[in-house]
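In: this is a predicted model, with the sequence first.
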Amino acid sequence: MRLTFLGTAAANAFPEAFCRCQNCEQARTLGGPSLRKRSAVLINKDLLVDLGPDIMASAQIHGCPLDKVRYCLQTHPHADHLDLSHLLSRSPAFGVVALVLHFYASPETTQRAATTFVRDLADYSLLAPEAEKELNVRMHQINPLEYFSVGSYSVMAFPANHAPGMGAMLYSVEENGCAVFYGADTATLLEETWEAFRRYNVQFDLVILYHTYGKDQPGTDHLSANEVVEHAKRLRDEGILKPDGRVFATHIAHEGNPPHPELAAYARQHGYEVAFDGLILTI
Ligand SMILES: [Zn+2]
Ligand SMILES: [Zn+2]
Ligand SMILES: [Zn+2]
């Protein structure tokens, strides 16, 4: 399984275009991995996690066209994870000859997306047969804590501790004995998620965790560096991470997090690693 990070920033990107704080200024000076776009990830060439606002720029900058994407797992409807205009821009009416896109989301996320779409982007519902034809898309509403098949992948959704009422989901994706957990956005993982890990006896090669805030900042409804450290330890202690498994942080905010080299050095000392835009992992 090959995983490409298309974006690794929190909602406001890093550097934040309107911000002159020390973290943003240093990131501008350093460039490279310190320049982060809003979070999304590509698995192999055909599975996208989050139809995020920056995926077009990511595809251009990191040389990874998305023409083979057949499936999208949507975590939740927050604007830093879902830009519905991409459904129009990849449609036949915009000159794109693409494969059918199977779009998976919770019922709550689907409903919010449908409301936004008909309000701002088109005069038909995202859930109408017309949408399937116009957008070359199939909508699938999924429930948490049960396996479902997505092409060659076995996927499970877990309820996120984030955005109450929006049906926010985290996902595990397995293929050929390799398993990845995408844990963004969420505050501390819910006990029912840890319970499900044990019940299904999952063992991950790779765990990707939400890391909005930095060292010694309170996590509140977002994970901070200290909480990522605790999660990485618990994942190892409980055998949910394979012995050679890796934990990567994503969704990095300019508030409290230093530019990439400094944050990566901190992470290495504390049992996890920090993703950056364009990073490719093969597991
Ligand atoms: Zn977010
Ligand atoms: Zn800033
Ligand atoms: Zn969110």
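Out: Thanks, I have the structure now. Numbering: from 1, shown residues only. Ligands and ions are numbered 1, 2, ... in the order given.
In: wait, what's in contact with the residue in the stretch 151-283 of the chain that ligand 2 sits nearest to?
Out: Residue nearest to ligand 2 within the stretch 151-283 of the chain (Cβ to the ion): H254, separated by 3.6 Å. All C-beta atoms are positioned from the backbone trio N, CA, C, and that covers glycine. Going by Cβ atoms under 8 Å, 6 or more residues apart in numbering, H254 touches 10, 12, 14-16, 19, 21, 23-24, 27.
In: again, 10 Å this time
Out: Shown in contact with H254 (Cβ atoms under 10 Å, 6 or more residues apart in numbering): 9-10, 12-16, 19, 21-27, 36, 214.
In: what do you get for R236?
Out: Counting by Cβ under 10 Å, 6+ apart, R236 touches 207, 242-243, 245, 247, 271.
In: distance of A179 from A265?
Out: Per Cβ to Cβ, to the nearest Å, A179 is found 28 Å from A265.
In: between those two, which is the more surrounded one?
Out: With neighbours defined as other Cβ atoms under 10 Å, A179 and A265 compare such that A179 has more, 22 against 12.
In: and the closest residue in space to the more buried one that isn't next to it in sequence, how far is that from G271?
Out: Leaving aside its sequence neighbours, A179 sits nearest to F204 (Cβ to Cβ, 6 or more residues apart in numbering; 4.9 Å). Using Cβ to Cβ, F204 is found at 15 Å from G271.
In: give me the more crowded residue out of those two.
Out: Between F204 and G271, counted using other Cβ under 10 Å, the more crowded position is F204 (22 against 16).
In: from C21, how far out is that one?
Out: According to Cβ to Cβ, F204 stands 34 Å off from C21.
In: same deal with E132?
Out: For E132 relative to C21 (Cβ to Cβ), the value is 45 Å.
In: starting at the chain centroid, how far to stretch 152-159?
Out: Counting by Cα atoms, centre = their mean, to the nearest Å, stretch 152-159 is centred 13 Å from the centre of its parent chain.
In: now do it, average pLDDT.
Out: Stretch 152-159 shows a mean pLDDT of 98.
In: ligand 1 contacts on the stretch 101-250 of the chain?
Out: D185 (Cβ under 5 Å from the ion).
In: what residues does the stretch 101-250 of the chain put near ligand 3?
Out: Counting by Cβ under 5 Å from the ion, the stretch 101-250 of the chain comes close to ligand 3 at D185.
In: in the stretch 101-250 of the chain, what residue is nearest ligand 1?
Out: Here the residue of the stretch 101-250 of the chain nearest ligand 1 is D185; by Cβ to the ion that distance is 4.3 Å.
In: neighbours of the spatially closest residue to that residue that is not a sequence neighbour, just the number please.
Out: Closest residue to D185 apart from its sequence neighbours, by Cβ to Cβ, 6+ apart: H162 at 4.6 Å. Residues lying near H162 (other Cβ under 10 Å) number 21.
In: hang on, H162 packs against L170?
Out: Yes. The criterion here is Cβ atoms under 10 Å, and H162 meets it with L170 at 8.8 Å.
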